[in-house]
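Participant: How does the following fold in three dimensions:
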Amino acid sequence: MSTLWFRKPSEIGHEGEEDLWSVSKTHKRRWRMAFTAISFTRLLFSLSKKVLDKDGSLLRSLSYVAINVQRINEDSPGDNKPVSLLTVDTKKLRDTVRDKNFESLSEFGGVKELALILETDVKNGINGCEADLIHRQNVFGANKYQKPPPKRFLRFVFDAFKDTTILILLACAVLSLGFGIKQHGWEDGWYDGGSIILAVFLVVAVSALSDFKQSKQFQKLSTKSSDIRVEVVRGGRRQPISIFDIVVGDIVCLKIGDQVPSDGLFLEGHSLKVDESSMTGESDHIEINQGNPFMLSGTKVTDGYGFMLVTSVGMNTAWGEMMSSINRDLNEETPLQARLNKLTSYIGKIGLLVAALVLVVMLIRYFTGNTRDDKGNKEFIGSKTKFNDVMNVVVSIVSAAVTIIVVAIPEGLPLAVTLTLAYSMKCMMADNAMVRKLSSCETMGSATVICTDKTGTLTLNEMKVTEFWLGKEAVKDDTSLGLASNILKLLQEAVSLNTTGTVYKPHSTSVPEISGSPTEKAILSWAVFNLDTSIEAVKQNYNIIQVEAFNSEKKRSGVLVKRNNEKTIHTHWKGAAEMTLAMCSTYYDREGVLKVMDEEERLQLETIIKNMAQKSLRCIAFAYKEIEEESRQVLEKLEENGLTLLGLLGLKDPCRPGVSAAVESCKAAGVNIKMTTGDNVHTARAIALECKILNPHEDLDDEAVVEGVQFRNYSPEERMEKVDKILVMARSSPFDKLLMVQCLKHKGHVVAVTGDGTNDAPALKEADIGLSMGIQGTEVAKESSDIVILDDNFTTVVTVLRWGRCVYTNIQKFLQFQLTVNVAALVINFVAAVFSGKVPLTAVQLLWVNLIMDTLGALALATEKPTNDLMAKPPVGRSEPLITRIMWRNLIAQAVYQVTILLVLQFKGKFIFGVKESINSTLIFNTFVLCQVFNEFNARKLEKKNIFKGILTNKLFMAIVGITIVLQLVMVEFLKRFANTERLDWGQWGVCIGLAALSWPISWLVKCIPVSGKQLGHQRASVS
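Facilitator: Predicted coordinates for the structure are as follows:
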């Protein structure tokens, strides 16, 4: 029969009757069995009829299910082929999550079935081998975005040519070229105009190349800043990877503050909420659970924790499409650049005025016959002068005037800022500080207060359990053998069920790999190694009902669980010892006996906590409560009263090496350090003393150390009065930190703040400089910050401070150097034009000076590294002028000296040295350039007399000075026609070098002159 059942009717029809009904021994046995079955059925029928006739109770039998098994027709192609990793529709998968389409998800069979299709184990994740990862990237793509193409080099060249003065100069050069060729022919006529064109192209090329290199540097930093670390489960292990390495099928671990790295579906977790405002614009936080499993890339986790199955990556996500259209411009205008642009505009207007005066005076002198050529003849003799000659002279006068404008406008200032910022950003990256916002580099140099966290910043964040108390007794033998069985069981439950960390142990003999926050890792290590706890085994015996994730306000985390096949509900809390103790009314002693906690015993336990805190220990308490399931309300909320104290843990987190020295260097630099921490006041005070934030002889009064609630409850006037004196704020919430930052800013301080949590975001945004932690910091905190401290070390914060001051000082050095050249060039050209009718420096020569000033000078002075001297100065205030009195003193002295010797050479040089006009002009040009080279050394030190200190450490400076001198030598000796110069003999070179070198002793003498503003600055710093 079975054979007939699975056959087609057509098959039966074509078989011969002999085959169908041939009687064999096998068939006889089957007929006998059928007959027996029919007879037995009839017997059962008759018996059941008798029972029913008696009206008795019917006995129930086990239910059964009849299944009609049909043969698969292999001949015809199936309509519904099974979906696999290779055949899954990527577009459908993408749209399912993006559109939050439940119907489409059900077509895949739900989340768990989709995980099977993607060959993902919902507990252990994907295999994670290299071949598997490459295969998934080939099928679904990589988690990278297509960025808009960066600006090409030619684009920077084109932008440089947009400068109005450059265009006017080029127009003049073309006219000069045309008239010169017409007057003197191709062989000799192209030199004047051609030289200017070549010089302009050289200046433009150098400027464009510099901008192009900085753009490439910023692009690299942009890529680095978007490289987020994400935790995934692969092969049963939790491991951190780059966001760019995520593949479809990965299981991502998410916690508060994380950015969702790709589109995906919720697998499991508790109290998980996300902020989708970055994608949808909706400010309400969306709860993620089995009923709403859709998670979008780029959103932020605001509460709870969970695991997500990755379904789409890179350009297949909405976030990827959005990011690909955004070209993040790190080259934003900083406040310092804005101030310099105003200064540039002001100086440019003065240059324009001087150039206009020079143009008018020279034209008047020419057309009134007061100018003579090289042979001593009048250049303009009315109508007898050829039109070409007149136009040639007019064009040369206009060129000279325009060139004065070019020299007068300090285009090098914005370039110097860009160079020094790019250089400092690169160096800071090597020093474990990643700049996210350019302006923070320079603002950090002005910081007067740093509000720092304790954990991980001042300390190593390497927690270890060093003390364990049961009731009022310290337990030295805190092993599974040394504890009462009921206590051991409760502690194992308390640790295993109420944790966000994990323990990975692939084999029974392998060493467990523990992951999670440093506090979680320390507690889990203690439970695994001391209490012999199997975390996964404990979890399998319980069903989690409700989870309350740790937050900065309550300082605790809790879990509501129910043991399998039992009606008792357990509430477990873990958190700050004194806060957890306040919820307890009973406790267990060493022997495992439950005791009622009276006021005296509560005070004794508080004293134990205080003593542990004074030893710099972080105190964690475990508490629990059992309730019968009949109380239905407990399923909604965790109990917070009438708990039983299980035990107290003391975790040691040692101070980082070098922190106390870094704190003292900040104090010496006039920067106050304030510590804000979630730890209790005794732990905070102990750590602050160890780190030298508190002085044991001076700062131990109540005003220096306060609690967050105390600071919060001050009146606004009290807060403003006391905020400067507060050095430590314990048990502080993110709101307290924000309040402190606002008060300090209101008092005129420039405030830097460190933060790592999601709740720190408001304070990080409010501060002048937000510093987030690279290791412990959440993505929300990093996005709110200006600089990311990659190693979470306070010493790096001080390094950032040094670099901030270095940036500001380097800009001031270059500003002093360039303004000296501007003043000297303007005065010399103006005086010479008015009194002699000629400018001593030609357009090409002035462009060469401009190149030395702008690009080479910026490179030389903007790349000075920070020195210890910077930390000996008081911070620069918000309203401090960019050009200080010290700078004016140095600048005026050098400008007066340069103007004096160059004007003497202009009017008396031929007589003094007995040389002709062309050689005298070369002497003026050569001396002017060499004066700038020597003055570059003076600009290295604004206040110090020893300008050569540390000169060998800046190899780039020495290289640029060497290149400048070599190029000047080539200009004078070999490019006679191009630069309009004459060759000089050894004696003349010696005179030029000697006159330029005199700027060194003049600088030394000038720095002996006291400046009153300096003392005022020190007084202001000491007051603040």
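
Participant: residues near residue 521, how many?
Facilitator: The tally of other residues near residue 521 (other C-beta atoms under 10 Å) stands at 19. Where you see a C-beta, it was placed from the backbone N, CA and C, and this is true even at glycine.

Participant: so it, which of the three states?
Facilitator: Secondary structure for residue 521, judged by DSSP: H, G, I helix; E, B strand; the rest coil, is helix.

Participant: That one reaches residue 500, doesn't it?
Facilitator: No. Using C-beta atoms under 8 Å, residue 521 and residue 500 do not qualify as a contacting pair, with a distance of 10.6 Å.

Participant: Could you pull out the buried residues of stretch 577-586?
Facilitator: Neighbour counts over stretch 577-586 (16 or more other C-beta atoms under 10 Å) mark 577-578, 580-581, 583-584 as buried.

Participant: Report the mean confidence score over the strand or helix carrying residue 624.
Facilitator: Remark: residue 624 resides in strand 617-628, with elements defined by DSSP states H and E. In this model, strand 617-628 has a mean pLDDT of 91.

Participant: helices or strands up against it?
Facilitator: The criterion is 3 or more C-beta pairs under 8 Å, 6 or more residues apart in numbering; DSSP states H and E, and the helices and strands that strand 617-628 contacts are helix 485-497, helix 518-525, strand 568-576, helix 577-581, helix 599-614, strand 643-652, helix 681-690.

Participant: Which strands border the third one, and is each parallel or antiparallel?
Facilitator: Think strand 568-576. Using DSSP bridges, the neighbouring strands of strand 568-576 in the sheet come out as strand 556-563 (antiparallel), strand 617-628 (antiparallel).

Participant: Alpha carbons of the first one, in CSV - could you do that?
Facilitator: These are the backbone C-alpha positions of strand 556-563, laid out as CSV (Å, rounded to 0.1, in the frame of the first residue of the first chain):
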residue,chain,number,x,y,z
ARG,A,556,23.3,51.7,40.6
SER,A,557,22.0,49.0,38.3
GLY,A,558,19.3,46.4,39.1
VAL,A,559,17.6,43.3,37.7
LEU,A,560,14.3,41.5,38.4
VAL,A,561,14.5,37.8,37.8
LYS,A,562,12.5,34.6,38.4
ARG,A,563,14.0,31.2,38.8
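
Participant: Export the buried residues of stretch 577-586 as JSON lines, with columns for pLDDT and distance to residue 240.
Facilitator: Putting those into JSON lines (pLDDT from 0 to 100; distance: C-beta to C-beta, whole Å) gives the following:
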{"residue": "577", "pLDDT": "92", "distance to residue 240": "30"}
{"residue": "578", "pLDDT": "90", "distance to residue 240": "34"}
{"residue": "580", "pLDDT": "93", "distance to residue 240": "31"}
{"residue": "581", "pLDDT": "94", "distance to residue 240": "35"}
{"residue": "583", "pLDDT": "93", "distance to residue 240": "35"}
{"residue": "584", "pLDDT": "95", "distance to residue 240": "37"}
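
Participant: List just the nearest of those residues to residue 321.
Facilitator: Distance ranking of those against residue 321, using C-beta to C-beta, places residue 580 first at 47.1 Å.

Participant: quick one: contacts for the closest one?
Facilitator: Taking C-beta atoms under 8 Å, 6 or more residues apart in numbering as the criterion, residue 580 is in contact with 556, 573-574, 621-623, 643, 645.

Participant: what's the neighbour count on residue 746?
Facilitator: A total of 12 residues lie near residue 746 under the criterion other C-beta under 10 Å.

Participant: does it really touch residue 720, like I thought?
Facilitator: Yes. The criterion here is C-beta under 8 Å, and residue 746 meets it with residue 720 at 6.9 Å.

Participant: Can you list the low-confidence ranges for the stretch 801-950 of the chain?
Facilitator: 837, 853, 877-879 (pLDDT under 70).

Participant: err, the stretch 401-550 of the chain, not the other one
Facilitator: Residues of the stretch 401-550 of the chain that meet the criterion pLDDT under 70 lie in 403, 406-407, 409-412, 414-415, 478, 480.

Participant: ok, now with 90
Facilitator: Regions of the stretch 401-550 of the chain meeting the criterion pLDDT under 90 cover residues 401-446, 452-464, 471-485, 500-519, 529-532, 534, 536-537, 540, 543-550.

Participant: Please, where are all the strands along it?
Facilitator: For the stretch 401-550 of the chain, the strands identified by DSSP state E, counting those that start in this stretch occupy 433-435, 449-453, 464-470, 473-474, 502-504, 513-515, 542-548, in order along the chain.

Participant: So for residue 734, which of those strands sits nearest?
Facilitator: Among the strands of the stretch 401-550 of the chain, strand 449-453 comes nearest to residue 734, with 10.9 Å by C-beta to C-beta.

Participant: The strands paired with strand 568-576 into JSON lines, with extra columns for distance to residue 876 and mean neighbour count?
Facilitator: As requested, the strands paired with strand 568-576 are arranged in JSON lines below (distance: least, C-beta to C-beta, whole Å; neighbours: other C-beta atoms under 10 Å):
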{"stretch": "strand 556-563", "distance to residue 876": "43", "mean neighbour count": "21"}
{"stretch": "strand 617-628", "distance to residue 876": "38", "mean neighbour count": "22"}
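
Participant: Dump those strands to JSON lines, plus distance to residue 400.
Facilitator: Listed next are those as JSON lines, based on distance: least, C-beta to C-beta, whole Å:
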{"stretch": "strand 556-563", "distance to residue 400": "77"}
{"stretch": "strand 617-628", "distance to residue 400": "74"}
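
Participant: Select the longest helix from this structure.
Facilitator: For the chain, the helix reaching the highest residue count under DSSP state H is reported as helix 794-836.

Participant: what's the following helix or strand after that helix?
Facilitator: Using DSSP H and E, the helix or strand that follows helix 794-836 in sequence is helix 843-851.

Participant: Tabulate the CA atom coordinates of whichever helix or strand comes after that following helix in PDB.
Facilitator: Next helix or strand after helix 843-851 toward the C-terminus (DSSP H and E): helix 857-862. Below are the C-alpha coordinates for helix 857-862, written out as PDB (Å, rounded to 0.1, in the frame of the first residue of the first chain):
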ATOM      1  CA  GLY A 857      58.400  82.000   6.800                       C
ATOM      2  CA  ALA A 858      55.100  80.400   7.800                       C
ATOM      3  CA  LEU A 859      56.600  76.900   7.400                       C
ATOM      4  CA  ALA A 860      59.700  77.900   9.500                       C
ATOM      5  CA  LEU A 861      57.900  79.600  12.400                       C
ATOM      6  CA  ALA A 862      54.600  77.700  12.500                       C
END
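
Participant: So which residues make contact with helix 857-862?
Facilitator: Surrounding helix 857-862, the residues in contact under the criterion C-beta under 8 Å, 6+ apart are 210, 412, 415-417, 419-420, 423, 810-811, 813-814, 817-818, 932, 936, 939-940, 956-957, 960-961.

Participant: and residue 984, what pLDDT?
Facilitator: The per-residue pLDDT of residue 984 was computed as 90.

Participant: That one: how many residues sit nearby?
Facilitator: A count of neighbours around residue 984, defined by other C-beta under 10 Å, yields 19.
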